[in-house]
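**Q** The sequence isn't on hand, but the structure is:
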């Protein structure tokens, strides 16, 4: 590697390395991806990558956590004054946009193509992200207080169905985005319509 390196703020440098690692893990199977490749892509030394993230597995888990941290944000919670159908439609667009934007990296990180597979740490990270999504959905349907246990159960069940539908669209090619949007919108309204406090 040649050229002059610039000293960056640690958070900026960490983000730069994470972005590079995400690209490397998408381009290569986990087994073939290397810390050296990440360092080269980020324009830093391998030692600096190790300093920030330790092992390759630690770096991989950091990439998963970074991606997962943004997933709950796909549920908008500032539009609580909207009618139920309009709110669900708007959030469904955001949900599908997020998965479409990230489907390659999600496929790799969640084990569909050369990731860590059913790793319990990856599963725990994604479980927390799913909980965050469900809590934001619950805030939309119980804006005045605590959501009922029945509403929470319905939203958790819906979250699993939504992931399966996205899989049919993005990974298996057996549905279109429009079909998935329509199905999930109708399903969510049917599941929470009687439970929602909106």
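**A** Structure received. Only a predicted model underlies this, so the values are computations on that prediction, with no experimental measurement involved. Residues are numbered from 1 along each chain as shown.
**Q** Could you chop this structure up by domain?
**A** Domain assignment for the chain by automatic domain parsing gives 10-54, 65-192.
**Q** Pick out the shakiest of these, pLDDT-wise.
**A** Of all the domains of the chain, the minimum mean pLDDT falls on domain 65-192 (a mean of 86).
**Q** re earlier: mean neighbour count for the domains of the chain - can I get that in CSV?
**A** Just so you know, the C-beta spots here come from the backbone N, C-alpha and C atoms, and that holds for glycine as well. Below are the domains of the chain laid out as CSV (neighbours: other Cβ atoms under 10 Å):
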stretch, mean neighbour count
domain 10-54, 17
domain 65-192, 16
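**Q** now the longest helix belonging to the chain, how far from the chain's geometric center?
**A** In the chain, with assignment by DSSP state H, the single longest helix is helix 84-109. Helix 84-109 sits 9 Å away from the centroid of its parent chain (Cα atoms, centre = their mean, to the nearest Å).
**Q** so after it, what's the next helix or strand?
**A** Per DSSP states H and E, helix 84-109 leads on to helix 120-141 as the next helix or strand towards the C-terminus.
**Q** Just list what that next one packs against, helices and strands only.
**A** Here helix 120-141 touches helix 56-70, helix 84-109, helix 149-166, going by 3 or more Cβ pairs under 8 Å, 6 or more residues apart in numbering; DSSP states H and E.
**Q** packing partners for the second one?
**A** Pointing back at helix 84-109 there. Here helix 84-109 touches helix 10-27, helix 56-70, helix 120-141, helix 149-166, helix 177-192, going by 3+ Cβ pairs under 8 Å, 6+ apart.
**Q** Tell me what angle the third one forms with helix 149-166.
**A** Think helix 120-141. Relative orientation of helix 120-141 versus helix 149-166 (axes from the mean of the first three to the mean of the last three Cα atoms, to 10 degrees): 120 degrees.
**Q** now swap in the second one and tell me
**A** Angle between the axes of helix 56-70 and helix 149-166 is 120 degrees (criterion: the same axes, to 10 degrees).
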